[in-house]
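*Asks:* Quick one, what's the 3D model for this:
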Amino acid sequence: MENSHSQNKLKLFENKKIRYVWNAEEEEWYFSVIDVVEVLSGSQNPRRYWSDLKIKLVKEGSEVYDKIVQLKLQAADGKMRETDVLSTKNVLRLIQSIPSPKAEPFKMWLAQVGNDRLEEYADPEKAIARGAEYYRAKGYTEGWINQRLQTIEMRKELTDEWKARGIEKETDYAILTNEMTKAWSGLTVKEYKQKKGLKKENLRDNMTNIELVLNMLAEVTATSISKQEQPEGFEANKNVAVRGGKVANTAKEEYEKATGLKAGSDLNANDKLSLEIRNKKYMEE
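*Replies:* Sure, this is the predicted structure:
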C-alpha cells in the first residue's frame, strides 16, 4: 500500500490496548485486528480466534477478508512487526461477525477516535502540525518536511479528482499512480523502490527534494487536466495521468540539462540529511 503513515498510536478501551495508525493519503485510521478481536471476543487466545474467524470469513465470501492489509505496529516486546489491520469502516463490518455485548460501546469508542481527526478538519493547522511533528521525530530536515507536507496535500487533491471521475477501486488508484510515476521517472513504482532498496516502505518518504517536486508536478498537472477535460472511464483517466507524468518528465530533463545532475536517486531515508539535496555528490550516480 503506497501510503503515508503517521506514528503508531495506542489507546485504551476498557483497559485493553488498541493499536492504530493514521493513513494520511487515504485519510483513514487502521486498527490492529488482533487487538479488536481480543477486546470483543474476550478470548484467552485471540490469535487462534482470529485465525478461525478468517477461515469463516473466507467461506462466507465476506468483503472484510479482502480488505485486510498488513502494517508494522509495535508489539509487546517493543519491536515493529507486520500486523493484520483494517480501516475503521471495515472494523465496523468485522464487529458484525463477532457476537459481543461490547460491540456498541466499541463503536462509540471508534467514533471518538474519528472525532480526533474531525477536529483537525475544522482546524487544518492541527493536521499540518501533527504531520510535521511525525517527520521531525524521524529526523528529517525542516526543508524536506515542508516539501513532503505539500506533496500530501497535492496527492489528496488528485485522489479527490479521481473519485469525482468515478475511480473507486484501490487497484485502479495503484495503476494510475504507477503509470504516472513511470511517465515522469522512467521507472514503475516497484522499480523505483528497488532502486532505493525499499520493500514495503513509503516511496515518497524516501524521495529527495527534487524527486518530491517532480512527483508533485506530475500530480498537480494531472489534476488540472482532469478538472478541465473531465475524463470518463479508466482508460481516459490513465491517459491524463500519463500526460501529467510527461510534463514532469520534461521538467526533469531540463533540470538535468541545467545542473548536470541526475534527478533520480538511490538515496533513501536511512540517510535523511541527504534527502534535502545540498551538494553535487548526493545527486551523482
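*Asks:* what about the longest helix in this structure?
*Replies:* Longest helix in the chain by number of residues (criterion: DSSP state H): helix 234-259.
*Asks:* May I have the residues that are in contact with the closest residue in space to residue 67 that isn't next to it in sequence?
*Replies:* Excluding its sequence neighbours, the residue lying closest to residue 67 (C-beta to C-beta, 6 or more residues apart in numbering) is residue 90, at 4.5 Å. No exception for glycine: its C-beta is placed from N, CA and C like everyone else's. By C-beta atoms under 8 Å, 6 or more residues apart in numbering, the contact set of residue 90 is 63-64, 67.
*Asks:* Now residue 90: which helix or strand?
*Replies:* Using DSSP states H and E, residue 90 sits within helix 88-95.
*Asks:* Next, the buried residues of that helix.
*Replies:* By neighbour count on 16 or more other C-beta atoms under 10 Å, the buried set for helix 88-95 is 88, 90-92, 94-95.
*Asks:* what do you get for stretch 265-280?
*Replies:* Those would be 265, 267-269, 272, 274-277, for stretch 265-280 by 16+ other C-beta under 10 Å.
*Asks:* Also stretch 160-175?
*Replies:* For stretch 160-175, burial by neighbour count (16+ other C-beta under 10 Å) applies to 161-162, 165, 167, 173, 175.
*Asks:* What residues are bridge-paired with the nearest residue to residue 33 once chain neighbours are set aside?
*Replies:* Spatial nearest neighbour of residue 33, excluding adjacent residues (C-beta to C-beta, 6+ apart): residue 84 at 4.3 Å. Note on residue 84: beta-bridge partners by DSSP bridges are residue 70.
*Asks:* And residue 84, what's its pLDDT?
*Replies:* The model reports residue 84 with a pLDDT of 92.
*Asks:* The one 5 residues further on too?
*Replies:* For residue 89, the pLDDT comes out at 84.
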